[in-house]
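[1] coords below, sequence missing:
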């Protein structure tokens, strides 16, 4: 659309040839026919047709019509036609409709009066409005509230025109008197909004004089009051701030949830006093529990999270209220609640929080929850975080969580076993009970990854004689009878732990031996089969304890290698704690028999895939170790692994502590800081809230809290020159990127000695950028300037381009002049920020995401770590690989980087580089994401920046 438009109707069946049909219907038709013709005329006009010949026909045949529908359509027609000539003056024909509009404003029908008044709100021609002003003002005293409501809006719209104060000079006085006597809620709101926009002092005086009755006002008017207080308190004049806070506090008890929500936000922006923040937090929590809409809950949780960043001490007191939102069935709500609560943990509330989470875990066992497994995984991760930060609460939950080691949701089971592994190292007091519990529940585990981790725990933390013997016996029980298969006389290979007739889920392969049939001939096809059983274990059956056997017979030889390593550790430890040499040797031979059986199974031709080389070498190493054990090797196997794990946990804890310190940046009081005893201040009739607020204002003023503006140098860096200095029109833009919005503040300067007419900033976008509204035309005096603002919506994370030109006319040149603007490139770095995630989550996302961009390393930097730091700085990402892993000089480096966008998109980067003999770096940087845009844009950014330039 090239012109401003307040109405938009889709119409794809129109053509200019329809104009004659419309004209005929308008001249000779009845009411419905005229209404249909007017609809078609309006649709054609909205789709670019001009239809100048229709105006006189409409004046002659439609103006006199008494049909209400026709009159309404007539007003829409007058709203969208061109009412001005090229010079900007009102068309003479518009005078013809003035009498009709005056008659409408005096019509006995309330509907006609109302729609006409609403139409006048959209007129901007003083020549048309001036004769109608007395009729408009007369409608302020009409008996029907529908008329009065639109009359106030019309007065407001007329007064706000460029010369509106000349049309109705006493409008503020009239509206103020109207507001004092009006009873209708909408009319009062419109009047109050008019005073707020045109005579703010009068609106403030009216509000303060009725401060005691604001809580009784209708909710429409209360919303307008909150907006006014926002506007007034944003200005430098902070007088009467205490009274405004009192008004806002009184509105917190109104029944309208919209008003209560706005008041809570206003209270936080007005005051940083603990009482005010606490009242706002309690309000948000009440809305969180009372509202059923998930979008509303998510918005409220965002508001609470904002309070947490600036008022954490106050938010700690409402943790349990926030936790009640876990009753919502939506997983996004639950996730936000848990993230918020984990940031508010203190030694005082951690036990209550963990107890509540424990009850939620028990609820997930019922099975009636939708996505119960995923919710249980979130709860396990939350409890894990609580226990890591406050180890004293681990004992109350760890035994309950160990019941979920056999969870059908593998991700939840993995989280549980990782939690157990960390707690058993950090809480030595719980070690004995946890090992016993793990031994008792080991047979329930069904996932290979969980089994591997559980076996490592048994091998490292089974220390006493009874624990070692129980662990060995449990592993043997889960492996079943040896060997893993037997070959019968008929050539059938069956699971030796099963009767021959009970073979299920078998894998059959053709026998290669010729078979002689009963008549002495050879069989043309194999009649005999070789079968390996891979039993499907039903929970609760006799075979349900053979979980290790089932997984190994399905071809999981990595797990078989873990079993061998665990048995080796247990046997070595048994030799230290078992006084009887005979028992130790018996256990050693039992372990060797198991390992050789695994090797035999892996090298047989009965499984679809043979054992891999890594697992084979690992098992052979265990066999050799048990046959010939040295002290050094024994020390490595029994102590070094555990020490490495303890070192890894300590480093992780240290890294998290450092990050928390960097985030907090709490400025501690200096020895000579002033202590303000606000109890000694003069109260002057102030409430406790007003007093606290005044004290906090004093502190802010003393510490520069009111004067913290953005860095001026940073602002200058964001100014882009759009035209050259020699162009007749100079333009530059200040670009502000705020999440989903880009705001361009364009300064346009007329450098000529002529007046530029119809100057327009025309913009277009490339990428997922959309121009919200088209800037209007302006007239620019010689050597004057104009500020033009353009809003652009962003819908995804990718590099976008804004381009366009400035078009204008001069009095002595008939053609329009065009100045082409420089392109504005929107950087992806404005949308992504460093983030962190668990290694397991990173690997899962890496396997799941389908878009990959592979960038070859091409740089002048010769040090691997320097190159990694350069990429991290250039891409605004976080390195997930711990610094200790990157220590040392080996000529090779691999690291994972992670970031999130404002649209909640994940960006994954893997850097693998190697130093060549000539000192140069080679390798690849791989980017993965769920969407194509972020992968391509990030790849372009890395390609541009990786050489080590700017």
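    Noted; the coordinates are in hand. In this text the structure is predicted, and so the values were computed from the model without any measurement.
[2] can you list the domains in the chain?
    Structurally, the chain divides into domains by the TED database as follows: 23-271, 462-485+544-640, 714-826, 830-946.
[3] looking at those domains, which is closest to residue 393?
    Between residue 393 and the domains of the chain, the shortest separation by C-beta to C-beta is 20.7 Å, and it involves domain 830-946. In this view, the C-beta of every residue, glycine as well, is placed from N, C-alpha and C.
[4] for that closest one, the distance to its chain's centre please.
    22 Å (C-alpha atoms, centre = their mean, to the nearest Å).
[5] what mean pLDDT does that domain get?
    For domain 830-946, mean pLDDT is 85.
[6] ends of that domain, how far apart?
    Chord length of domain 830-946, first to last residue, is 19 Å (C-alpha to C-alpha, to the nearest Å).
[7] so which of the domains of the chain gets nearest residue 656?
    Short answer: domain 830-946, nearest of those by C-beta to C-beta, at 9.5 Å.
[8] if we can go back for a sec, turn the domains of the chain into JSON lines, columns for distance to residue 406 and mean neighbour count.
    Shown next, in JSON lines, are the domains of the chain (distance: least, C-beta to C-beta, whole Å; neighbours: other C-beta atoms under 10 Å):
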{"stretch": "domain 23-271", "distance to residue 406": "45", "mean neighbour count": "18"}
{"stretch": "domain 462-485+544-640", "distance to residue 406": "9", "mean neighbour count": "18"}
{"stretch": "domain 714-826", "distance to residue 406": "40", "mean neighbour count": "16"}
{"stretch": "domain 830-946", "distance to residue 406": "19", "mean neighbour count": "17"}
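[9] would you mind putting those into TSV with distance to residue 405 alongside?
    TSV is the format used below for the domains of the chain (distance: least, C-beta to C-beta, whole Å):
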stretch	distance to residue 405
domain 23-271	44
domain 462-485+544-640	11
domain 714-826	39
domain 830-946	16
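[10] so for residue 448, which of those sits nearest?
    domain 462-485+544-640 (5.1 Å).
[11] could you tell me how far the one helix or strand residue 195 maps to lies from the centre of the chain?
    Remark: residue 195 resides in helix 185-198, with elements defined by DSSP states H and E. Taking C-alpha atoms, centre = their mean, one finds the center of helix 185-198 at 37 Å from the center of the full chain.
[12] now do stretch 553-565
    Taking mean C-alpha positions (C-alpha atoms, centre = their mean), stretch 553-565 and its chain are 41 Å apart.
[13] contacting residues around that stretch?
    Residues outside stretch 553-565 that contact it (C-beta atoms under 8 Å, 6 or more residues apart in numbering): 448, 451-452, 455-456, 459, 475, 479, 484, 495, 532-535, 548, 551-552, 591, 594-595, 598, 601-602, 607-609, 611-612, 614-616, 618-619, 622-623.
[14] in helices, which of those fall?
    448, 451-452, 455-456, 459, 475, 479, 548, 551-552, 591, 594-595, 598, 601-602, 614-616, 618-619, 622-623 (DSSP state H).
[15] out of the domains of the chain, the one nearest residue 356 is which?
    That would be domain 830-946 among the domains of the chain, by C-beta to C-beta, at 23.2 Å.
[16] average model confidence for the helix holding residue 195?
    89.
[17] which elements pack onto whatever helix or strand comes next after that helix?
    As assigned by DSSP H and E, the chain's next helix or strand after helix 185-198 is helix 200-209. Helix 200-209 sits against helix 171-181, helix 185-198, helix 219-234, with contacts defined as 3 or more C-beta pairs under 8 Å, 6 or more residues apart in numbering; DSSP states H and E.
[18] kindly reformat those as a markdown table containing distance to residue 331.
    What follows is these, written out as a markdown table (distance: least, C-beta to C-beta, whole Å):
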| stretch | distance to residue 331 |
| --- | --- |
| helix 171-181 | 49 |
| helix 185-198 | 40 |
| helix 219-234 | 33 |
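[19] so which of these gets nearest residue 750?
    Comparing the helices and strands packed on helix 200-209 under C-beta to C-beta, the one sitting nearest is helix 185-198, at 29.9 Å.
[20] would you mind pulling up the elements that the closest one packs against?
    By 3+ C-beta pairs under 8 Å, 6+ apart, helix 185-198 packs against helix 145-159, helix 171-181, helix 200-209, helix 219-234.
[21] rank these by pLDDT, which is bottom?
    Looking at the helices and strands packed on helix 185-198, the weakest mean confidence is helix 219-234, a mean of 85.
[22] from the chain's centre, how far out does the following helix or strand past it sit?
    Once the chain leaves helix 219-234, the next helix or strand it forms, by DSSP H and E, is helix 241-251. Counting by C-alpha atoms, centre = their mean, helix 241-251 is centred 33 Å from the centre of its parent chain.
[23] helix 241-251 packs against which elements?
    helix 219-234, helix 257-270, helix 274-290, helix 688-703.
[24] give me the angle between it and helix 200-209.
    Helix 241-251 and helix 200-209 are oriented at 60 degrees to each other (axes from the mean of the first three to the mean of the last three C-alpha atoms, to 10 degrees).
[25] what about the strands in the stretch 801-950 of the chain?
    Ranges of strands within the stretch 801-950 of the chain are 813-820, 824-826, 832-834, 851-856, 878-879, 892-901, 906-915, 921-929, based on DSSP state E, counting those that start in this stretch.
[26] got the angle between the last one and strand 851-856?
    Using the same axes, to 10 degrees, the inter-axis angle of strand 921-929 relative to strand 851-856 is 170 degrees.
[27] partner strands of strand 921-929, with direction?
    strand 851-856 (antiparallel), strand 906-915 (antiparallel) (DSSP bridges).
[28] make TSV from those strands and add distance to residue 925 to it.
    Listed next are the strands paired with strand 921-929 as TSV, based on distance: least, C-beta to C-beta, whole Å:
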stretch	distance to residue 925
strand 851-856	5
strand 906-915	5
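[29] for residue 181, find the nearest of those.
    The nearest among the strands paired with strand 921-929, by C-beta to C-beta, is strand 906-915 at 59.8 Å.
[30] give the contact list for residue 818.
    So residue 818 contacts 805, 806, 807 (C-beta under 8 Å, 6+ apart).
[31] about what we covered before: do you know which of the helices and strands packed on helix 200-209 lies nearest residue 783?
    Nearest to residue 783, of the helices and strands packed on helix 200-209 and by C-beta to C-beta, is helix 185-198 at 31.7 Å.
[32] and the strands in the stretch 451-600 of the chain?
    Under DSSP E, counting those that start in this stretch, the stretch 451-600 of the chain gives strands at 486-487, 493-494, 506-510, 529-533.
[33] residue 762 is nearest to which of the helices and strands packed on helix 200-209?
    The nearest among the helices and strands packed on helix 200-209, by C-beta to C-beta, is helix 185-198 at 30.1 Å.
[34] now the closest one against helix 219-234, angle please.
    Angle, helix 185-198 to helix 219-234, by the same axes, to 10 degrees: 20 degrees.
[35] how near is residue 136 to residue 118?
    12 Å (C-beta to C-beta, to the nearest Å).
[36] what's the overlap in contacts for the two?
    Residues touching both residue 136 and residue 118 (C-beta under 8 Å, 6+ apart) are residue 154.
[37] check what pLDDT residue 138 gets.
    90.
[38] repeat that for residue 425.
    Reading off the model, residue 425 has pLDDT 86.
[39] wait, it touches residue 647, no?
    No: with contacts counted by C-beta atoms under 8 Å, residue 425 stays clear of residue 647, the gap being 10.6 Å.
[40] looking at these two, which is more packed in?
    Taking neighbours as other C-beta atoms under 10 Å, residue 425 and residue 647 compare with residue 425 leading, 18 against 11.
[41] quick one: the more buried one is in a strand?
    No: counting by DSSP: H, G, I helix; E, B strand; the rest coil, residue 425 is not part of a strand but helix.
[42] so who does it touch?
    With contact taken as C-beta under 8 Å, 6+ apart, residue 425 is in contact with 642, 645, 646, 649.
[43] then residue 172?
    When contacts are counted by C-beta under 8 Å, 6+ apart, residue 172 touches 159, 195, 198, 199, 202.
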